[in-house]
Each structure stands twice: as C-alpha cells, then as structure tokens.
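A.B. asks: Fold the following.
(chains A and B)
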Amino acid sequence: MKKNANSFAQFHYAQKRCVSWLMKLCIVAILCSPVLVKAAQSTSFSYLEQKQNTVTGIVTSADDGLSIPGVSVVVKGTSNGTSTDFDGNYTIQAETGQTLIFSFVGMTTQEVVVTGNSLNIVLESENLGLDEVVVVGYGTQKKSDLSGSVSTVKVDDIQKVKSPNAIQSLQGQVAGVNISSASGSPDASIVVQIRGIGTLNNNDPLYIIDGVPGRMSYLNADDIQAISVLKDGAAAAIYGSRAANGVIIIKTKRGSKNKETEISFSADYSLSKVSNEWDMTNSEEFINIYEQIKQMEIDADPSGNTDFSLFYKNYKDGSNKYADTDWQDEMFRTAVSQKYNLRVNGGNDNANFSISGTYQDQEGIMIESDLEKYGLRLNSDYKKGRIKIGESVSINRKIGQSISTTGYGTNYDMLFCLPLIYVYDDSNLGGFGGSKDEMGNIKNPVGSAKIPNTEYTEDYVTADVYAELEIIEGLTYKINGGLHTTNYYYNSFTPKYKMSSQDFKDKSSLYEFQSRSKKWILEHTLNYNRKIKKHNISALLGYTSEKYKYNKLSASGKEFISDKTPVLDQAQSEFSVGGSQYTSSLQSYLSRFTYNFDDKYYMTGTLRRDGSSRFGSSNRYGNFPSMSAGWRVSKEEFFPLSELINDMKIRGSWGKLGNQEIPNYQYQNTLSQGYPYVFNGSTEPSFGVISTSFPNKDIKWETTISRNIGLDFQLLDSKIGLTAEYFSNKTEDMLVYVPIPMTFGGSSSILKNAGGMENKGFEFTLSYRKSEGDFKYTVTGNLSTVNNKVISLGDSKEAIEGGYVGYNTESTTKTQVGGSVADFYLYQTDGIFQSTAEVQAHSKDGQLIQSNAQAGDIRFKDINNDGIIDNEDKVYSGSSLPDFEYGLNINASYKNFDLSLYFHGVSGNKIFNGVKFRTETGMGYRNYSATTLNAWSETNKNTSIPRLTYNDPNQNNRVSTRFLENGSFLRLKNIQVGYNLPKEMLNKIGITYCRLYASANNLFTITDYSGYDPEIGGEGPSSGSNALYWRGVDNGTYPQARTFNLGVQVNF
Amino acid sequence: MKRATLIPFIKLKAKHCDIHMINIKFKKMKALKYIFLILFLGSILQSCSDDFLEETNPNDISNETFWQTETHAKAGITSLYGALSMNYNYGVFEYIYMPENWRSDEFIHNDAGYPSWGTLSTFTNNANVGEISSYYSNCYSIISKANQCIAHIPECDMAQATEEENTALINDYIAEAKFFRAFAYFRLLKNFRNPPFITKETSSQDELYPSQVDRDEIWTLVIEDLKFAMNNLPSKTNRTDGRATSGAAAGYLASVHMNNQQYSEALPVLNKIIAGDFGTYDLTPTYRENFNGTNENNIESLFEIQYAISPDKWKTTHTLEATFAWWAVGLSTPWMVNLLTNSFDNDANVDQRTQDALYTQYSGYENWIEKWNMDESLDGKGTYAVNNLVQLRFADILLYYAEALGENNASEIPTAYTHINKIRNRNNLPALSAGTPAQFRNDIMNERSIEFCFESHRWYDLVRWDEAGWIDLKQTLIDNQKPGATNFDPAKHTYYPIPDYEYDSNPNLKRDLQW
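C.D. replies: Residues are numbered from 1 along each chain as shown, chains lettered A, B, ... in the order given. Here you go, the predicted model:
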C-alpha cells in the first residue's frame, strides 16, 4: 500500500510539472501573439490619413429594442475601436466614407459607412437558417446552395455535454449518425456509424479537422467552431477512397477580425456516478443458493463422496469469518472531474489569432480508470494584399490509466466475485484478499485493478500551414502542408503478489510499449468563383499526397531487484523485445464544379482519383465521381404556397465512394515460418520458411454507391425548418474471406472483394423557433431509420457467427445473406414446465422432446419439429439495430436565464443480456444475480426463473430468448440551466460576459432493459475480434455515468 | 524524382498562369514570384519518389526478398519436413497414422469418445470426417511447398566455385523437393480414387481451382520425380541428418512399382538397393531397435520421420506411445493377436516380433499394442514421445524383392525364399522351404503381416493384393473378422472420399458418385 501511495505522489508531481510547463507555454504564446498582431496593425496604420471626426450613436437589439452594452465598434481597416457602454452608447473617431463594423456575440455583424456624426444601429440576432455558411470538403458553401446531404450541428449544443471525446457529444444530434461509446471508461473508443453499417470491415468515418484528416479524440470541444457531417455520395465523394463511411468536417475557432483582444475562460467541475447497479446476492443469500444446489448434488451421488465445501461449513459454524463484500461498491466510486479552458483571440483586418489551452481531468466511475488531457491550439491568419498565410498548430497530451474492460475484463470479475471474499488481506503479499482454494479460481477485481501500475501517455502534435494567393478576382490558389506526429508510450509494472493459490505472480514483471506515427500531407488547390449575372459558377481543382509511417517497439522483463526500480535495466530474466513498422501512402487528384442559376437551379459534380499503396498495381487507382442537383421550387413564380412556405428545395444525388481502410500490404506475398523439425544429430529445431497464404493481387477498394433524395422546407417566415431525406447506399466489392480449396496447401481462405451490403433509410430534421418578448425558444428534433441488409458474403454460404457470451458457449448472433449484421439467433423459450405432466406432454411421436427436463425447467420450442432441441432450433429473434433513432433539443431563454434539454433515444433494438446469462445459472463458484433467489420451486411457481440445479440437465442455460431484452431507451442526455450575470454589473469590473450554469448528463433513462445501461457500445471479447458481431451483446460493459456539472464561462 | 507527383500540378498551374499573365500583366509579377516561392517550398516538402505508392512490407519476408541464397533454399526445404512431421499435439497420430491404419484388419477402434474415428474403422464414415480432411490437406500442403521449392530454388545463388557445382547443388535441393512431392502424391493415390493434380506454384486465382486427371498421369509424375530424386540425392553415406537420400527415393520408387504390380520395373531398382548402389543397407541385429528410439536412422532405415525433445516439445514429438500403451485408443483385432501369438521361433518361443508388438507378457492385455513404445532408457517418455517413426526399412525392400522375383517369374520362387528367410533368420525363426506359387503368395502375405504389423502397411498391401487378384479384399476382411467388414463396399470404401468442403469450394471437381 505504501508503494502505491508513493507512486501516486510521484504521479502527481509529474502532473504538476506538466501543468506548469503547459501554462508557461500558454503564457509565452499569449504574450507573443498580440505582438504579432500589433506588428500587422502598425503596417496598416502607416498609410492612414488622420482626418477624423467624432461619430456617436446607440446600438439596440432588433428583437426587443433594448440597448446592447459591450458591442464592439471598429473602423474598418484600422485598429481604431471601442465598445458600447451600459446604455448601448458609443463614441468613435472616424472619417466620412470610412466603414464602421459593429459586432456582438450571437448577433449578425453589420458594416455601415460613416455619413455624418450620428449613427444608430439595430443589430439582428444571428439567423442560422438559409444564410448559414457550412464547411464542406475543400471549402465552404451557403447552406441554401447545397444539393448533397450535409448536416450541421449547433456547436453550443455539443459543448454542453462535457464528454472527454467531443464526438460523443454529437450523439443524437444528427439524423443518420449513430454514435455509441464502446464503454463508459473515460478513454473509451467511440463507435460512429453514418447511415448504417456499410461494411463488415472498418466503418469509421473520415475526420477532417481544419482541412486535413486528423484524430478526433484529441479535439477540445470548446475549440470547435463548426461541424458538418457529409452523409451522401455527392457531398463526400470529394474525399474519394476514404469517404464510404461518411465524412465529419470540423473547423476550429479562429480569431475574430476587427475585434479587440478577448479572453474567454471557462471552468467546469463535475461529479459522476453509476446510475444503476446489478442486484447481486450477498454472502447470506449466496450461501443459501449454494446450499440448495449442493444438497441436490449430494442427494444424487450414490457413492456418498460428495460433500459441502469447506467454506460453506466454516460459514455455517462461524469458525472462519467470511466477508460480505459488495464488489460493485468497491469498484465504483463518485468520480470527480474538472475541465478548464482559456482562449485568447482577436485581430484586425490583416491579422487574427486564436490561442487556447485546455486541461481536463476526468475520473472514471470505476477505480483505476482516469484520463487527463492537455491541449494547446494556435490558429492565426495573416493577410498582405492578395496573399494570405496562416497556420493551425495543436499540441495535445493524453495521460490515462485504464482497468481492463474489454471482453471478460475486471468489470466482469466484479460481478462474479463471491461476496465471501475480503477486499483486503494483510497476510497476502500485496495486501489484497483472494479466494480460498475450495472456492475455485475467482479473481479479486479490486486487487486486479490496483496491483499493476499501468499508465499510458500519448502526445499528438499537428502543424498545418497554408498559403493562399488570389491570382485574379475569384481565382485562388492554395497550398496546404501538414505534419502530424503521434507518440504513444505505455508501461505496466506488476509487482510480486499473491491473492490466492491460483492468482499470484512470483516474479515481478514490466512491459513497455512505444509507438510513433508520422504523417505528412501536401495539398495544392485552385478555387474559382464567379458570378455572371444570374449564373453562379465555382470550380475546384486539386492535387494531394499523403504519407503515413508507423513503427512500434515493445520490451519486457521479469524479476526486478526491487519494486522501487521498475525499469528494464533492473530486470533479471525473461527479456523480450519486439517491433514492427509500416508505411502507407495516398496520392489523389480532385475536382468539383458547381453551378447555380439564379439561386433556383443547382448542379454539382465532383470527381476524385485516388491512388493508394494498400492495393496492388492492377487496382491501385480508383475513380470516385458524384453528381447532384437541386431545384428551389419556391423561387418559381408559379409556386403557390409562398405565404406558408417561404423556401422549398428538392435535391437528389448519386455518388461512388470508396473504403480503403484495410491492413497494409494485403496484396503482397509473405512467407511464414513452418513447424519445427529436429534433424538427426541436432538438438535444436529448424524452422522452414515458405509461403502459405495466397495474396490476392487484385484486391481493390470497397465501393459504395450512394443515392440520396432530399426535401428542405422553411415555413412561416423560417420559424419552422424541415428536412426530409431518403437514402440508399449499396456497398459492392466488400472485402470478405472466401474459402479456397485445400489443394492450395496453405491458408483456407483469401480476402476477396466479393461481398455486398445495403443500407436504406429515412431521415427527418424539424426545427421550430419562437420568441415572445423575453421568452425565446427553439426546438430541434431528428429521427432516422436505417434498414441494413447483407447482400452477399462472397462464395461462402456459411453464416458468420459471433456474440459469444463466455468460454465454451454457443454463438448468439449470425450474419448471413438476406439478414442484417449480427442478427440474434437463439433458442425460443416457451415458459416453465409447471409439472411432470407438462414435461410428458411436450413430445413428438411419443418421444419426449426434452427427456432430461423436470418440473421447473424451461420449455424450449422445437422449431423444426424434429423431436429434439438442437442448434437447428435457434432462429431469428431480433436485431441489435434499432428501428429508428431520434434526438430532441430544446433551448429556451428568459431574460438572463437559459435552459436546454437534450434527449436521445433508440427504439426497436434488442440486447442479449450476457451478464444475466452468466449469473442466473446455478453452476460454478461465482456470484449470482439476486433474481436467482426467485428460482422456481414447488412453492414458488409463479416465476420466470427456472429451478436451481447443480448440473443443468435440461440446459436451461442455453442462449435463449430468456436473456433477450428490449433495448429501446429514451434518455435525457443533458439538461442545463444557465444564468447570465447582468452586463451592467459586469462592465464595472471589466467583464463583458459571465454565465454560470448547472447541468446533468444522463439524468434519467426510460428503458425496459434490466442491465446497467441500454447503451452498450459493442466491444468484442478481445481486441482482435470484430466487434460488429458482438453488437447488442452485453458482457457487463463498463456503464455510462450519470454526471452533475457546475461551471462558469467568463469573457473579458 | 519529384517529377512524377508535381507534373500534374505544374501542368495545371501553367495553364492558369497563362490566363493570369494575359489578364493582369506586369504589375502582378510580384505575385507570380510568390507562386514560385510557394511551389518551391511545396516541392521540398514533398519528398516523394517515382513510385510514391509502392510500399514493401518490412515486417515479413516475401518471395521477392527470399530465394536468394542457399540458406533460403534450405529453409524452403525444411518447411517440407515440418509439414511431414505434422508434429503438433496429436497431429501425426490423428491425421496420418489413424487414416492409414484404421481400415485394416489389424485394428479395432476403442475410444467411444471419438465416434468419428470409429466410423473409419467400421466403414461407416461419411465424407466429412476431420481426419480424412486433414490427411488430404496435409498431402497438398507438402505438394504446395514442394512446388514452390521446385519453382524458386533455381533462383538461388548457391555460391559454389563453378557453375557445375552450383547446378549440382540446385539439383540436390530440387531432388529433395521432388521426393516430397512424389511422397505426397503416392499417399494421395493410395487413399483417394481421384485426387486433383497440381504441379506448379499457385500464381493466379484460377490456379486455386485444379482439376482431376487420370490416375496414370499422376503415377507418371510420381515415377519421374522419384527417378530424379534417386539420381540427384546423395546416398545415406553422405547424408546422415535424416533427410531424404537416393536410397529413400529408390525405395519409394520400388514401392510405387510394387503397388502397381510393375514387378519387372521394380526388380532393377530393388536390385540396386540391395547391391548397395545407394549406400549400405542391411537388417539390424534386433527387430526392436527399429521402433524404440535406441538406434535411429540405422542401417535398416531408408526413410523415417525425426522426432526429438525441443523447447517447444509438443511441436517436435508425437503421441503414439501414449495413444496405444496408455489410452488404448486402438487395439489389435483377435485375428491379428492370433496370427502373432502363433508364430514361434526355433526355440519354441513366441516370435520376438510378437513380443515387441503386443503386451504378451500381461495376461488379458495381449491385444494392447506395444510396438511404438520408447525404450525405458530414453527421456521424455510419455505423452511427448521422441522415437522416430520409420516409414520405409530394408526388411520391406527384401520382402518386396522376394515378391517381385516370384511374381515376375515363378522359376525364381526358390531364390525369393532366401530373402524371406533372411527376415525370419533375424528373429531365429525356422526357415521356410520353397513352395508352390500359391504357397509362395501365402507365405509372402503372412510374413509381411507379421513383420510390418501396425506399421501403416497392411491396408495398402491388402488393396494391392486385391488388385493383383491374390485375394478378395472384402472376403479377407470378413474372414479375418474385422469389425464392420460387412459394411465394406469395395467400390466405395477402398478409397477415402474427397471432403465435401473441396467440392463446395472448387467448381472444377467432379464428385465421386459413391459418396
């Protein structure tokens, strides 16, 4: 224990040093940047002619007519600026003919030419409707001009959910985007599926951060300015071979132009807890069940050798004290988390900057699962004449520790561990309690979590630089270069310990792992925009290349002289090292042409040609074209309902997308080591080397043909917005393993582009906004459906089985042609036999169907009517894919108060409760679900739990519909109440904005599911297994937390 | 170097520069400078090569980086031995020994835990018994590796002084690969009626789906390969590490001819072996030392599979001793027990070969098989058995020789008996005197069944004697009270079925209508 305390102290020391280092960097950056901006400002100063007069006026709000204090007023092209006072008044020196810029958060910026000495301004609330500009691939577009399927997210909404991974906050916000966290652990991977499961291979979308592919998990949500989700072929095909799973484009905040330097600070403090625990038996209840089961075994053994176990006897006679441990109480905790964010931004007409630093310390609700994140981001742009140069630089660090939660990890042990076992035991080496010999090998989860000293650190540094030249008006050339580096370091030291005679280590061990990846990217693009009368034309041409290098190194050793020296130099034995590397590259040509006539008829075509090192020379390049068209019907003169519908657009698209996310070098032949053979006269084995696999030289891209039809409406003066879409995506050439004859003499299958998958569905987004006096609110809802179907698995007629819920159990899911991915295939339960007569009645042609059954056992349906219950009787029982998924956002404000609610729900999906499957069985020494206490007996017939047995002769515990539950849920994902401190008060102390808020995540969930949480991310049982086949199988996943936050946001 | 990737851009650029020049003329020349500056910086950043997308796997060896030196040739050949030994867990017993022996009238399957093994023994198996699949796939695993060696070894630089020596060494390795290819096809021909035929390295997807050919076409290849091996491999005098030798190749060549009743072709080969053309071969002083690991690769041995204790012991050992002496997975049939225990030597003791094959010393356990037990003095006794499994020994050559002599020309029958008696003499058995051709056949059959009991020979002897018209296979099985003999349908069970998986995955195969 002392050792732990020590390392804890060391850890915190390291952490403090890191914070101070970061803070220093922050300070230096903040100090330097204004200097840069100043420099830029001074140049513009020099040629300003100073012939000033004084302009005064008042700024009011169009919504309520009240004056607005703190509005920034700047003379365009100068650093000359001021802001309005408490009463909305301003005074500024400006020349007639110069332009004044009025800007304020949440209001549309206005530019007004000075004509006299007085200028009163009315600012409008920012309208996010038609004129909203959205980021698309390699550029931006007006939302009203889109003819493909692009969804945008209100950034405020996602920033309210303080998830460690910003993408998780998108959950339920965008129609057609399914997001689930693989577990509730702070650093859990987030599974994002756009418009369904498009392939049995990699389904991750492509993330484009500030124009280049990047890693989403590092992004600080507070740095995000805009997010677009490119869902269909027309929008995404510009990213060609990586776009088949959709593209998520993120733009980070850049400094505002013509604005005084602004400092924003936010702090958030939260407490999290598990929202629901499994009801497991305590020691007394466990002994009670054990007694009944063991008694049956004793009664059945004619030899009389079966006897109660020692722990039972000791428990009963009180001679040996046993614990009554609630392992969930020991493993779960109230997690304290905090997040701080500091951002400085500002700029003039020629230069702008934004620097932000963030620190986040996130505790997991299970012990030994923490995550710390540090981030620093610098974005700036400089302009001189026709040239613009800028950069986006980010430095990120993640430090984490995580208990094993994949598959049958520590979270699994927690549920199985007997309550009789003590958490701590000073007589054991290491100080943790363990099972007695007669209990079998049961792991103490607290010891398993706390004994190894495990930590990882990952640094991710990105530097992207661009230069832009406006060659002639409307024609811009841009070069963009980026370098991204990831360094990952993991180490795990396990000292000698003993928890039980089966769970011990008599040698201390250390495992270290390092990996490093480097990526560079270079892009040249030419952009042309021209408006000739009613013809709007824009064109894009580009060339990009990318190279990615990865290498890893691992080393381990055992038997350390002292636990205080956990470095490999001090290891005495069993050294081992390993390493490998790979390189991949991409080279692409891209083009886009858009045309619109009179904002009425729209047309876009894109073509990308991608070359990838992952494919053999015959199929190295792929072409990915797309087309789309839109028609703004409401602009036609004949449009009848213009009173009601102020805007209406119909659009359709077709596109071809690729997926190149397969392992490297698949098309290359590799040789492998054969079985050893010891030649005569030798004592050492010799190993042969030969090729045993058949590389498919013709391997190529998985391609998805995407079709989309959409309708956009704006009703009642844009108070109501509605978007409805139908899509149909068909994946062809899906990579599947196809069996080959044994005559090949090596591997039994080859990877071939032989499969197919189809996803079809509808998406609806509806928004409504209203303001009545001081009361304003908006409601946005979305609903989406996806119908997934496996078209082909290549030549194989076999179903892919998965979803195993333990060792030596049958599969719960099957993926086969005609069905969808991971459909549940289970035995069908048909109640409990209430009497021997009922067992007798369950027969076929006079033969008992379940001859081993007794009263109290489960009746299974003989689906194929062959008189026996076997594998053939497992039939389709439901899908883990929901019928529909929906989200609802409500934002309201009254005077200085604001309230937001954000709901997320899925409906129609099933979950196989693997924990119940494992804990409602009467076999083995492990803890029981408390429901087992309600087992069937002659005196307790009204129950769904079968009788207790010691050997389950009827196999009640088959993978049956008994464990299949409705996975639908509706969850209040986030609720937040905020209060804006009055400006009058704040201005006195130099603060422009201050908001306090309280919020809660996952406050309540309406569901029938009996496990921890219906949101199970679908983690495979081990890192190598394809988690898709485990979708909807709950193996005791680390649950999502319920979190309460308090926070403050200040600008000055 | 940088051309390849920049050209498209320069072309693109150039076009727009023209427009640019025309439209904005001199005063924007400054801007142009910037373009070129940017371009220049861009090209520095872009450190790419001609084949920007060409990435080779640094983690694994490929055919492109392999097959360069003699070490590589040897590693390729070694993979054949690895495949031959099938030495992982129960591999060699389950996937080689059992499919080769379980049908014969020597064995009774005795493990209810493995019912599918029992079906092999009682001729009630279906087409999808895993052991048949494994036997089949192991044969093709050897063939595939051999084909790769034959294709690539000529690419290796053997670093010899002269071109002739280089070629000789290459031929030596190729001969070894061809020996293995013939060995595997011989196994396939003996066990499958119509096996698919592949003689080349698989280099395109089409070649993954071979067809069946006339059996004679395969026999021709087997004979060619063995002749090449016989002429190019070193003799056992020069090769003592247990690898294939010219003698082994000659022995299998003779064996192939005997299998096909080609006595006149077999005779000269057998003659040469006995004459010592491929090194000195003779019978060992005792029978037992051929099996118990005390005298491995001895003077009698033509070819054997090597086993040894190694760090990964379960990968270099076999389980034959445990299988028979501990678990009695298979027992001797009463007929075989009877035959063995009624053979007596000159001193009226039970034939030493019987004592070495069965637990005759323990009453009630006479039908337990002891032949593959290791000598008590050897380490690693038990599950991890290290005694080599002899495949072909000189006793076989002698009895083949006797059989070929007598069958080729009845007047040679008396000479033939001298060779039979050499075998008998080792174990102090009374010499047989020359009999009629019918008696001769009986004596050959009797001698072989005792001498080679439980050595994977009996079933194939029965099949070839049936084909030669000596016996009726089914009647023999019935006469010898082989359990399940009545299920035996000669048209169906003389050969194993090709597994269904093969038909499902290879559209070019024609199904055996019997299955």
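A.B. asks: So A:Gln338 lies in a helix, does it not?
C.D. replies: No: checked against DSSP: H, G, I helix; E, B strand; the rest coil, A:Gln338 lies outside a helix; its state is strand.
A.B. asks: any idea how far it lies from A:Asn1045?
C.D. replies: To A:Asn1045, A:Gln338 is 10 Å away according to CB to CB, to the nearest Å. (Glycine included, C-beta is placed from N, CA and C.)
A.B. asks: In terms of neighbours, single out the busier of the two.
C.D. replies: More crowded of A:Gln338 and A:Asn1045, by other CB atoms under 10 Å in any protein chain shown: A:Asn1045, with 22 against 16.
A.B. asks: Which of the three states applies to that one?
C.D. replies: Criterion first, three-state DSSP; result for A:Asn1045: strand.
A.B. asks: how far away is A:Ala855 from chain B?
C.D. replies: Separation of A:Ala855 from chain B (CB to the nearest CB, to the nearest Å): 32 Å.
A.B. asks: In stretch B:150-161, which residues are buried?
C.D. replies: Within stretch B:150-161, the residues that count as buried by 16 or more other CB atoms under 10 Å in any protein chain shown are B:150-153, B:156, B:158.
A.B. asks: can you list residues touching both of A:Gln338 and A:Asn1045?
C.D. replies: Counting by CB atoms under 8 Å, 6 or more residues apart in numbering or on different chains, the common neighbours of A:Gln338 and A:Asn1045 are A:268-270.
A.B. asks: Tell me the one among those nearest to B:Gly82.
C.D. replies: Closest to B:Gly82 out of the shared contacts of A:Gln338 and A:Asn1045 is A:Ser270 (58.9 Å), distances taken as CB to CB.
A.B. asks: tell me the phi and psi of that closest one?
C.D. replies: Here the main-chain torsion angles of A:Ser270 (degrees, to the nearest 10) amount to phi -140, psi 160.
A.B. asks: Quick one: residues contacting it.
C.D. replies: Counting by CB under 8 Å, 6+ apart, the residues that A:Ser270 touches are A:162, A:336-338, A:1043-1046.
A.B. asks: Retrieve the pLDDT associated with residue 48.
C.D. replies: Looking at chain A here, since you left the chain open. Predicted confidence (pLDDT) for A:Leu48: 40.
A.B. asks: Sorry, I should have been clearer: chain B.
C.D. replies: 42.
A.B. asks: Tell me which residue in the stretch 551-700 of chain A sits closest to chain B.
C.D. replies: Chain B sits closest to A:Gly688 of the stretch 551-700 of chain A, with a gap of 2.5 Å, by CB to the nearest CB.
A.B. asks: Pull out the buried positions in the helix or strand containing that residue.
C.D. replies: Following DSSP states H and E, one finds A:Gly688 within strand A:686-690. For strand A:686-690, the neighbour count (16+ other CB under 10 Å) marks A:686, A:688-690 as buried.
A.B. asks: can you pull the pLDDT of B:Ile413?
C.D. replies: On the pLDDT scale, B:Ile413 is placed at 95.
A.B. asks: would you say it is within a helix?
C.D. replies: Yes: counting by three-state DSSP, B:Ile413 falls inside a helix.
A.B. asks: can I get the buried residues of stretch B:150-161 in JSON lines with secondary structure?
C.D. replies: JSON lines is the format used below for those (three-state DSSP):
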{"residue": "B:Ile150", "secondary structure": "helix"}
{"residue": "B:Ala151", "secondary structure": "helix"}
{"residue": "B:His152", "secondary structure": "helix"}
{"residue": "B:Ile153", "secondary structure": "helix"}
{"residue": "B:Cys156", "secondary structure": "coil"}
{"residue": "B:Met158", "secondary structure": "coil"}
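A.B. asks: what about A:Gln714, neighbour count?
C.D. replies: 21.
A.B. asks: and the closest residue to it other than its chain neighbours, how many residues sit next to it?
C.D. replies: Among residues not flanking A:Gln714 along the chain, A:Asp647 sits closest, at 3.8 Å (CB to CB, 6 or more residues apart in numbering or on different chains). Residues near A:Asp647, counting by other CB under 10 Å, number 20.
A.B. asks: helices or strands next to the host helix or strand of A:Asp647 in the packing?
C.D. replies: Using DSSP H and E, A:Asp647 sits within strand A:645-659. In terms of contacts (3 or more CB pairs under 8 Å, 6 or more residues apart in numbering or on different chains; DSSP states H and E), strand A:645-659 is packed against helix A:233-236, strand A:601-612, strand A:621-632, strand A:702-715.
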